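>>> Whatever this is, show me its structure:
(chains A and B)
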Amino acid sequence: MSSKDKTNNNEASKTEAISENKTKNNVDVRAGKLKLFSISSFVILLVIVLALNIIFSLKINNTSIDDYLTYDMSSTGQNSISDISVSYIDSLPADTTIRIVGLFDRPTNLKDTPYEYIVPLLDDYVSKSSGKVTVEYINPTKYPSIISELDPNGVYDLASSNNYVVYVNGKIIEINPVDCFTYDPEMLQYGYYLPTSNIVEQKFTSAIVNLTQGYTYTAYFVTGLGEDSHTQLSNMLSSMSIGSEQIMASDNFVIPSDCSLLILSGINTDITDSMSSAIKDYLSSGGKIIVSVNFFSTNVSESFPKLNLLLSNYNICIQNALLIENNPGYQINNDSYNTLIDVNSDLIEYTGGATTLRNSYARPVTAADSPYNYVQVTPLFATSTNASICTYDPATDNLIQNVVQGQYSVGMYATFTGTPTPPDVYVFGTTTFTSDDYINNFGFNDANIVFTRNIIRGMLKADDSVFVEGKPLSDYSIKTEYANSNTATVLTFVLVAILPLGLIIAGVVVYNKRKNL
Amino acid sequence: MSAIYKRELASYFRSPVGFVALALFSFLSGFLFINQYRDGMVNISTEIMSLCSFFVVIIPVITMGLFAEDKRRGTEVIFYTNPISMFEVVLGKFFAAMTLIAILFLNVFLHMIITAFSGGVVNIGTWGSVIVYFCLAMLFTAIGVFASSITDTQIVSAIVCFVMILVVQLLETVSVLASAGVASLLSSSMFALEPDKINKASNNVAAAIAWFSPFTKTQDFRYGVFSIAPLIFCLSMALLFLFLTYRILEKKRWSQK
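Sure, this is the predicted structure:
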């Protein structure tokens, strides 16, 4: 090969190498660009996805878009606040700050706990309050300063309470989650808390109302007379901006000057002389009183002579007898003692339209024999015309029935005419209008309790426009005729054994048929 | 895409995988349902939301072979040599897996029918739970598809998917632990911050971590709370993982390794 040929060969190989390098460079550049495109396109999508989700959850004035796109699909409305609460919160000034603090870590597993009804509802307060309501969960064991922040004077025992605190302008109301429900009274006797209705919204809205506008009135419950508990009645009063206090029965009984309403709820023993005198003075200056008694094993021998003496001034008498309803149409479950009573037709507006109410182990409450015309009494409820009474005979420790049938009154209202400050006296011969047991059983929406609420509103001119009714609890029960042990056994066998086993067998068959394909 | 979808769906029932997944799901859902039925109270939403916690087992079984098996057999080359978009391949396999999940869910429909016939409650809230179930399933299936695309071994794919879903499930617990950790760190002598600031910082850390948890976002569905944002979170994250899978498969076209 000549030197010229060699030179040509070298040049050709050089050209080839350059061409290869060029191609390689082109591939590198293209791969680099594709890599860049690939990474950047993913990053851009990542940013878009994160931004989209952040926008949805970003809170401005404690409200996010997410809050507007959240719906309550529960059948009971348990997760959303009612229009009553929304409109009250809307009516507050824009700079109002309502702080709800749960003194524990935010519960995560809500199922079958009271928080199932509380946590989502409180979130709804936040989303529908235009930033006026905030909800926080601060565990005081981790952050002790929260106690002094909420309660600088140490008035409440918040440290170990595990309660919610509603805080407005330095004032607080403590809410125990357990108190946000009504309970089956029979189960309570055995120490079991079987909820019957949900009053979470009622409790929190009442607290907000009372903290923002203050209590308008104060009701005093007389204690020490073997009376019924009044937790639920106090809840109801609270929702009407009426605070609840207690006065102990004693020989030096004094009714505080701020008493707007005196309540003797389900008392079992008679009042004292000093009480009689104090109550008479109180009523003479336009006082309001509600008395409820019944006839039960705890008070069969109590005839309330001093109370009757006091009530005789208002032409009312509580008889020491048990009402027996003989008309089956008025009996509840064929029970002569748990019965229906007719409402005075003039008072039907107070019951929300109900013409009959419930009555249980009642005493007749009748007009006394007052000769004074200025005393006006009005019967509230009456039995059928076939009712009778029986009285307690202490000698034989038996009830003696009066065979004469007639119509009896179970409640009376008395007032004075012609006086500038007339009293308002309501006397019930049954505790079905005031007792915790009754409210726990039938809830706040029951006609008896609606009646009580309306008469209190009428007496005190109290505003119950922000009264939130109780909500039913979710009921997922299935009919007992289906959910018996036989059906359950068959379903267990089919759903947990036969179906999965059949599918496994099918899988094995398929595997065996296709393993050699 | 439809050809890939049909092939993948059929493949579930040409191998024991589909039957095993069905058997597993019907046992778990049947067990949850019967436990409620025996008590005389059936809340289908609770059953559905409880079933979501079994995604950690079900999803890896369903998705482990989607791409890993093709890679092992070398049949993935078909996807690269045919005139179809790789994203269509990803979507075809994804929808096949979702269809299998829908078939699994027939068990729950059976429970709903039994509940309705037994006088129980099947209301709009229940259907809300069904929607959130499928949104969560889309998210976790997308994670499973992604896990399957990064390996050529089914077992490795299943383990990666399992771990990823487990991490997502534990985000809420992690947020609590992180919050406590931050609180103790900030209260130490090194920082010695005021309690309010510590409280705020630790709460923010917890909220930031929990923000990524789809379970935290959707936990209230069982009580009848229906929210759009968690669904958008699940769907957008699913889209993100599907796109990531697509990009990983596309990498083979330009990667020189």
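>>> For stretch A:236-252, measure first residue to last.
Criterion C-alpha to C-alpha, to the nearest Å; first-to-last residue distance in stretch A:236-252 is 29 Å.
>>> now it, how far from the centre of its chain.
20 Å (C-alpha atoms, centre = their mean, to the nearest Å).
>>> buried residues in that stretch?
Residues A:236-244, A:247, A:249 are the ones in stretch A:236-252 that count as buried (16 or more other C-beta atoms under 10 Å in any protein chain shown). Bear in mind the C-beta positions are built from the backbone N, C-alpha and C, glycine included.
>>> Give me the subset of those that lies in strands.
Of the buried residues of stretch A:236-252, the ones assigned to strands by DSSP state E are A:242-244, A:247.
>>> CSV please, covering those and showing distance to B:Glu76 and pLDDT.
Converted to CSV, those look like this (distance: C-beta to C-beta, whole Å; pLDDT from 0 to 100):
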residue, distance to B:Glu76, pLDDT
A:Ile242, 76, 85
A:Gly243, 76, 87
A:Ser244, 76, 90
A:Ile247, 86, 93
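>>> which among those gets closest to A:Asn440?
Taking C-beta to C-beta as the measure, A:Ser244 is the one of these closest to A:Asn440, at 17.1 Å.
>>> for that closest one, what are its contacts?
Residues in contact with A:Ser244 (C-beta atoms under 8 Å, 6 or more residues apart in numbering or on different chains) are A:218-221, A:230, A:233-234, A:237-238.
>>> For ChimeraX, write the selection for the buried entries among these.
To isolate the buried ones among the contacts of A:Ser244 in ChimeraX, judged by 16+ other C-beta under 10 Å, type:
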select /A:219,220,221,230,233,234,237,238
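>>> Strands - which of the contacts of A:Ser244 land there?
Applying DSSP E to the contacts of A:Ser244, the entries found in strands are A:218-221.
>>> For the residues you listed, give me a markdown table that also has distance to B:Ile143.
Formatted as a markdown table, the ones in strands among the contacts of A:Ser244 follow (distance: C-beta to C-beta, whole Å):
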| residue | distance to B:Ile143 |
| --- | --- |
| A:Thr218 | 61 |
| A:Ala219 | 60 |
| A:Tyr220 | 64 |
| A:Phe221 | 61 |
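>>> okay, those in CSV with pLDDT and distance to chain B next?
Output for the ones in strands among the contacts of A:Ser244, formatted as CSV (pLDDT from 0 to 100; distance: C-beta to the nearest C-beta, whole Å):
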residue, pLDDT, distance to chain B
A:Thr218, 91, 36
A:Ala219, 93, 35
A:Tyr220, 95, 40
A:Phe221, 95, 36
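>>> what's the span of stretch A:426-433 from first residue to last?
Using C-alpha to C-alpha, the two ends of stretch A:426-433 sit 11 Å apart.
>>> Look through the stretch 151-257 of chain B and state the residue closest to chain A.
Closest approach of the stretch 151-257 of chain B to chain A (C-beta to the nearest C-beta) occurs at B:Gly224, with a separation of 2.8 Å.
>>> so what's that residue closest to, chain neighbours aside?
A:Ser74 (2.8 Å; C-beta to C-beta, 6 or more residues apart in numbering or on different chains).
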